[in-house]
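Asker: Predicted structure and sequence below. I'll ask about it afterward.
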Amino acid sequence: MKRPVLAIALILIVIATSVLVSAQGKKVEKARDPVCGIMVDKNPDLSVNYRGEVYYFCSKADMEKFKQEPDRYLKKR
């Protein structure tokens with residue numbers, strides 16, 4: 001009974017370690033959401049190009065707010 005439990009625990013430890021190591025190797029670029037100010041991943045689906053600059057957002061709601069009044073949010077910077 002102890003050997004199967006020990007084997008499963010060892011397998012889980014190896015899997016968890018490999019996942020952590022592979023996740024550390026991937027650096028995701030960050031940007032500041034100009035609407036709410038939090039740091040976000042640079043996701044092209046949540047981005048707007050305005051006056052030659054690309055801005056990234058935490059949500060579609062923030063992205064839409066920015067599209068309505070971009071200068072309002074850029075003045076905060």
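Answerer: Nice, I can see it.

Asker: SS state for residue 71?
Answerer: Classification of residue 71 using DSSP: H, G, I helix; E, B strand; the rest coil returns helix.

Asker: Near it, how many other residues are there?
Answerer: 9 (other Cβ atoms under 10 Å). Just so you know, the C-beta spots here come from the backbone N, C-alpha and C atoms, and that holds for glycine as well.

Asker: Look up the closest residue to the spatially most central residue of the chain, ignoring the ones flanking it.
Answerer: For the chain, the residue nearest the mean C-alpha position is residue 41 (3.2 Å; Cα atoms, centre = their mean). Nearest non-adjacent residue to residue 41, counting by Cβ to Cβ, 6 or more residues apart in numbering: residue 28, 4.9 Å away.

Asker: ok, back up a step: for the residue nearest to the centre of the chain, give me its contacts.
Answerer: Residues near residue 41 by Cβ atoms under 8 Å, 6 or more residues apart in numbering: 28-30, 56.

Asker: circling back to that earlier point, wait, isn't the residue nearest to residue 41 in contact with residue 42?
Answerer: Yes. Here residue 28 reaches residue 42: they are 7.4 Å apart, a contact under Cβ atoms under 8 Å.

Asker: State the mean pLDDT of stretch 28-48.
Answerer: In this model, stretch 28-48 has a mean pLDDT of 95.
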